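Q: Sequence and predicted structure, then a few things I'm wondering about:
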Amino acid sequence: MNDGRDCVEATEMEDEEDTPLLIVHASPSRDHSLQRFDDSDDSDDELEGSGSRTKKCRFVRKNPLLCLLLFASLVVLFIAFALKPLQDSLAKTKHKRSRPSFITEACQIYCHGDLLDAVQSRGLFDDDKTFVDMPLKTDAASVMSAFKDLGQDYTTDALADFVDQHFAAAGSDLLSVTPVDWHRTLPFAKDIKNKTMAHFASSVHNIWPKLSRKSSPAVQENPGRHSLFALPHPFIMPGGRFREQYYWDTYFVLRGLVFCDMFETARNTVENFAHVIHQLGFVPNGMRVYYATRSQPPLLSAMVRLLHNVSKDDALLKELAPALAIERDYWTLPPCPINHTKTLSRLNITLKPHTKCRNASKSITITTPDSDVTFARYFADTDLPRPESYGVDVKLADDRHFVDKRRRQLFRDLATGAETGWDFSSRWLSSSDDLASIRASSIVPVDLNAILVDYDRNLAFIADKLGWTNGSDYRSAAEARAKAMMKTMYNSTTGRWNDLLLPDGQQITDRYSAAAYVPLWANITQDKTVLNQVLASLQASTGLLKVGGVVTTQLKTTQQWDSPAAWAPLQLLLADGLAHMDNTTAKDVRHSIMCRFLNSMALGYNNTGYMFEKYDAFQPGQSGSGGEYTPQLGFGWTNGVMLTMMRELADDYDSVCKPFI
């Protein structure tokens with residue numbers, strides 16, 4: 001099994017997009033024009049030299065066609081040899097895209113290096129993310145030169161003065177902006193019969209302008225001075241320390257925006273992702289250069305389908321399909337051979353499945369008794385500390401005396417854990433509450449692969465809708481992955497899908513989480529026996545459904561993606577999944593999830609005036625806890641989930657929810 005670990009490419013970005021073909025036109029030149037041989041009798045008089053030349057000219061006159069063919073062949077050979085260096089250059093350009101220059105420039109400040117290490121190691125800020133969100137006041141090279149001039153024996157106060165001199169405030173390169181399609185009145189407020197919930201939903205709708213941002217013109221003018229990407233459109237940020245646009249958060253934000261008639265804002269946000277994909281070849285974790293070594297759960301195709309479901313605009317599909325094809329490569333291309341130095345992925349606008357390879361591949365093949373099966377895993381393309389959590393990562397490695405390979409592996413797994421969106425959880429740990437035991441890159445997640453089933457089905461839909469002929473290719477890929485998941489991940493005894501542990505691909509059965517039910521969202525099976533088993537396990541007294549919603553895992557730890565946390569995205573994914581099951585019990589469980597979480601959000605807002613990043617599944621209205629940072633307010637995806645659930649239950653919230661709260 002080749003898991004791609006030895007193929008990590010640290011300095012080159014994968015080429016997920018075709019370089020436009022360069023067409024070279026030969027322009028006529030007076031100094032280098034081709035001279036025409038004239039076959040008149042006067043031509044002999046113009047020739048100088050020996051009789052051999054005269055014989056050559058007679059040969060030409062007697063065999064004009066043969067001479068013309070020989071001459072043409074010589075010209076073709078000359079052009080071929082002359083243009084070979086150019087052709088070689090184009091071939092390399094076609095299959096390899098260099099890291100964008102602004103990232104290279106900015107990363108010497110924000111991604112790695114002595115200055116980053118000095119500031120984060122000395123703890124100048126309570127939150128490591130503060131420093132890497134601070135724009136430079138001048139170019140990166142000048143700042144690094146000035147830092148070198150500080151010498152080796154500077155004090156912490158001198159370093160703090162240096163930062164004040166050369167950096168602006170964190171977030172100062174972002175501008176607040178009211179969304180152009182936001183209106184003070186929630187469009188469906190009048191449909192909500194429960195007046196308390198109507199007021200609550202209207203209050204949440206009024207948070208959108210507070211979370212709306214756009215990058216300042218300074219970012220576009222001097223991108224190398226910012227960790228922030230210069231995005232073409234405004235966006236909705238999560239809130240709190242999360243000032244930028246994030247990947248998987250956005251799907252749940254969009255779910256709420258469309259019910260607020262904020263389609264333009266929703267579309268702009270997706271187009272921002274497409275813009276970045278065409279630069280980098282994937283959607284980073286968040287829209288900062290220091291996130292460019294990892295992604296997050298790939299929900300972009302679901303966002304595009306959501307926009308199309310609302311607008312019915314096929315032109316939108318045609319516009320965004322190339323970006324989706326590029327991203328699919330990022331998640332599905334197989335590993336390149338060991339020591340392979342170039343990536344061969346390229347954009348295929350017709351959405352034909354790719355057969356190229358990728359370094360730092362997320363594709364993994366597991367050998368089973370019957371056959372080999374291919375899945376995807378999370379795998380960050382770095383073995384350095386996360387810049388936004390630098391001090392935390394270094395301290396963890398230092399405390400355990402990790403050095404060399406073990407230290408680098410820890411840093412890779414921490415970044416990989418962040419890529420999962422579940423940072424962090426006992427789900428990724430070999431020892432349930434010991435973060436140093438993280439093994440995220442050695443786990444094949446059930447929810448990631450369920451999302452990729454949905455991804456390929458969405459690509460099949462787009463291909464069919466646009467009249468392309470290969471929708472069946474994507475549909476077959478989706479069904480093959482779904483079949484493999486049923487074969488290797490589903491456990492009929494427990495009624496759950498389980499993550500797999502590499503290298504052998506054994507199911508992890510000693511712990512479980514809400515991710516075990518995400519395959520319902522992707523609708524990977526219609527087998528009623530299986531669905532009934534899954535439903536029974538979700539309802540079980542030892543299951544995850546609590547008074548405040550679905551708890552993230554069954555283990556209570558100090559990690560934030562464990563018990564007692566109830567996260568908004570998981571509530572909606574499971575509620576959506578249960579909607580695929582056509583029976584009364586599933587409908588009741590679905591309503592119980594929605595009603596309990598709506599009640600918890602309403603209680604929390606009524607008591608504090610805030611929407612939380614996460615909630616306590618056992619204490620409705622209370623914020624969740626745990627993790628590397630204090631609980632954040634805002635909060636983008638929570639707001640989107642609340643508005644989505646409330647829109648569905650607007651007419652009958654009281655009658656539906658009374659049994660559950």
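A: Cool, the structure landed. Every value quoted in this text rests on a predicted model; they were computed, and no experiment measured them.

Q: Neighbours of the closest residue to residue 194 other than its chain neighbours, how many?
A: Distances taken as C-beta to C-beta, 6 or more residues apart in numbering put residue 653 closest to residue 194, at 4.8 Å, once the chain neighbours are dropped. Using the backbone N, CA and C atoms, a C-beta is placed for each residue, glycine as well. Per other C-beta atoms under 10 Å, the neighbour tally for residue 653 reads 22.

Q: surely residue 653 meets residue 196?
A: No. Residue 653 lies out of contact with residue 196 (C-beta atoms under 8 Å); the separation is 9.5 Å.

Q: hmm, back to that, and the residue nearest to residue 194, how far from residue 260?
A: Using C-beta to C-beta, to the nearest Å, one obtains 18 Å as the distance from residue 653 to residue 260.

Q: likewise residue 626?
A: Taking C-beta to C-beta, one finds residue 626 at 31 Å from residue 260.

Q: ok, now residue 162?
A: Here the criterion is C-beta to C-beta. By it, residue 162 lies 45 Å from residue 260.

Q: So between these two, which is more surrounded?
A: Of the pair residue 162 and residue 260, residue 260 is the one with more neighbours under other C-beta under 10 Å, namely 25 against 20.

Q: Give me the pLDDT for the nearest residue to that one once chain neighbours are set aside.
A: Of all residues not flanking residue 260 in the chain, residue 205 sits nearest, at 5.6 Å (C-beta to C-beta, 6+ apart). pLDDT, residue 205: 98.

Q: Spit out the contact partners of residue 205.
A: Neighbour list for residue 205: 186, 189, 260, 643 [criterion: C-beta atoms under 8 Å, 6 or more residues apart in numbering].

Q: Next: residue 410.
A: Residue 410 neighbours (C-beta under 8 Å, 6+ apart): 393, 396, 397, 400, 402, 436, 438.

Q: list the buried ones in the helix or strand hosting it?
A: Take DSSP states H and E as the rule and residue 410 turns out to sit in helix 404-419. Within helix 404-419, the residues that qualify as buried by neighbour count (16 or more other C-beta atoms under 10 Å) are 407, 409, 410, 411, 412, 413, 414, 415, 416, 417, 418, 419.

Q: next helix or strand past that helix?
A: strand 443-444.

Q: How far away from the center of its chain is the helix or strand that that next one is followed by?
A: Downstream of strand 443-444, the next assigned helix or strand under DSSP H and E is helix 446-465. How far helix 446-465 lies from its chain's middle: 15 Å, per C-alpha atoms, centre = their mean, to the nearest Å.

Q: With stretch 525-542 instead?
A: 31 Å.

Q: and that stretch, C-alpha only, in CSV?
A: C-alpha atoms of stretch 525-542 as CSV (Å, rounded to 0.1, in the frame of the first residue of the first chain):
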residue,chain,number,x,y,z
THR,A,525,-27.8,3.1,0.9
GLN,A,526,-31.5,2.4,0.5
ASP,A,527,-31.3,-1.0,2.2
LYS,A,528,-34.2,-0.9,4.7
THR,A,529,-32.5,-3.4,7.0
VAL,A,530,-29.4,-1.3,7.2
LEU,A,531,-31.4,1.9,7.7
ASN,A,532,-33.4,0.3,10.5
GLN,A,533,-30.3,-0.8,12.2
VAL,A,534,-28.8,2.7,12.0
LEU,A,535,-32.0,4.3,13.3
ALA,A,536,-32.1,1.9,16.3
SER,A,537,-28.5,2.7,17.2
LEU,A,538,-29.1,6.4,17.0
GLN,A,539,-32.1,6.1,19.3
ALA,A,540,-30.4,3.7,21.8
SER,A,541,-29.9,4.9,25.4
THR,A,542,-26.2,4.6,24.8
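
Q: Flag every buried residue along that stretch.
A: Applying a neighbour-count criterion of 16+ other C-beta under 10 Å, one finds 525, 530, 531, 533, 534, 535, 537, 538, 539 buried in stretch 525-542.

Q: Over to stretch 301-311?
A: Quick answer for stretch 301-311 (16+ other C-beta under 10 Å): 301, 302, 303, 304, 305, 306, 307, 308, 310.

Q: do the same with stretch 389-397
A: Neighbour-count burial for stretch 389-397, counted by 16+ other C-beta under 10 Å, picks out 389, 390, 391, 392, 393, 394, 396, 397.

Q: can you check stretch 221-228 too?
A: Within stretch 221-228, the residues that count as buried by 16+ other C-beta under 10 Å are 222, 223, 224, 225, 226, 227, 228.

Q: Next: stretch 649-660.
A: 649, 650, 653, 656, 657, 660.

Q: give the contact list for the fourth one.
A: Read it as residue 656. Contacts of residue 656 (C-beta under 8 Å, 6+ apart): 591, 595, 649.

Q: Is there a neighbour count for the second one? I'd like the number.
A: Look at residue 595: counted by other C-beta under 10 Å, it has 20 neighbours.

Q: I figured it hits residue 652, correct?
A: No. Assessed by C-beta under 8 Å, residue 595 is found out of contact with residue 652, at 10.9 Å.

Q: Not counting residues beside it along the chain, what's closest to residue 475?
A: Closest residue to residue 475 apart from its sequence neighbours, by C-beta to C-beta, 6+ apart: residue 460 at 4.1 Å.
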